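[1] Return a 3D structure for these sequence lines:
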Amino acid sequence: MRKRRSVGSVGVKRVRGLVCALLATAVVFLGSGCQLSGGGSGDGSASESAGGASGAADGKAVGQRPASPRPSGYGTVFLSVDECSSFGTTSFTEVPCTSERAAARVVARFDGKVGDGPSCPATTDFVLHISEQRPAADEDGDGAVPQGYSCMRNLQAPHPGDPGGGGGPRTIVGDCVYSAGRGEVRETACDASGMGEKKPEYKVTEAVVKRVNCPASTALYVQLGGERPVGCAKPV
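    The predicted structure is shown next:
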């Protein structure tokens with residue numbers, strides 16, 4: 001699934017901008033990923049969202065509750081910053097980053113729900129949602145895992161979260177999109193190299209505070225969220 005963002009066009013084609021409240025806000029937010037069930041089991045597991053449909057958002061970073069300070073190191077805190085996970089079909093397990101099973105590294109970790117917390121870094125490849133776990137028998141409290149989410153970056157290419165990569169939880173400068181109708185666009189790889197990839201129609205070349213700050217050559221406005229929420233896109 002790809003990220004959908006509502007858009008506004010300029011010039012001949014005038015489409016009323018829509019606001020997509022998806023995990024954060026990015027005017028072109030098409031579910032760029034699927035949410036898989038399989039929240040943390042006793043051994044530690046998480047469900048995935050590659051962005052879009054329920055992924056990391058361009059959410060409101062101001063006034064939100066960041067993860068509380070935690071010790072780092074494998075096994076200390078489930079999927080904390082710089083720890084690694086394996087890939088699974090419905091759940092992901094924490095593994096040492098030196099393990100041959102390690103597939104992605106945590107680049108940021110926050111408490112709470114994705115829609116209520118800070119945005120993941122721009123080049124995040126996908127997001128893991130962590131379910132709260134409170135074991136019935138836990139004498140020292142070490143077994144508890146609070147609800148939260150980890151922003152993940154693949155250890156090896158491909159990196160869908162990179163500019164032009166066609167995926168990731170956020171649409172950023174350098175990404176390409178195509179019209180999905182009803183004033184919305186979907187992200188696609190700029191080189192359209194993947195099987196079944198849609199040909200890109202526009203490329204986000206700049207992020208600004210307001211539409212009036214976009215250059216005159218802008219053909220499409222794409223909502224990105226963050227401090228510079230408007231993406232100025234040109235035909236490709």
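[2] Could you check how far residue 228 is from residue 101?
    38 Å (Cβ to Cβ, to the nearest Å). (C-beta placed from N, C-alpha, C; glycine too.)
[3] between these two, which one's more packed in?
    Neighbour comparison, residue 228 and residue 101: the larger count goes to residue 228, with 14 against 11 (by other Cβ atoms under 10 Å).
[4] tell me which element the closest residue to the more buried one other than its chain neighbours is part of?
    Leaving aside its sequence neighbours, residue 228 sits nearest to residue 207 (Cβ to Cβ, 6 or more residues apart in numbering; 3.9 Å). Using DSSP states H and E, residue 207 sits within strand 202-208.
[5] The helix or strand that that strand is followed by - contacts with which helices or strands?
    Per DSSP H and E, the first helix or strand lying C-terminal to strand 202-208 is strand 220-223. For strand 220-223, the packing partners by 3 or more Cβ pairs under 8 Å, 6 or more residues apart in numbering; DSSP states H and E come out as strand 4-9, strand 202-208, strand 230-235.
[6] switch to 7 Å and redo it
    Counting contacts by 3 or more Cβ pairs under 7 Å, 6 or more residues apart in numbering; DSSP states H and E, strand 220-223 packs against strand 4-9, strand 230-235.
[7] so where's the chain shaky on pLDDT?
    For the chain, the stretches with pLDDT under 70 are 1-76, 89-90, 134-144, 194-196.
[8] quick one: the helices in it?
    Counting by DSSP state H, no segments of the chain form helices.
[9] Would you mind listing the buried residues in stretch 187-194?
    By neighbour count with 16 or more other Cβ atoms under 10 Å, stretch 187-194 contains the buried residues 187, 188, 189, 190.
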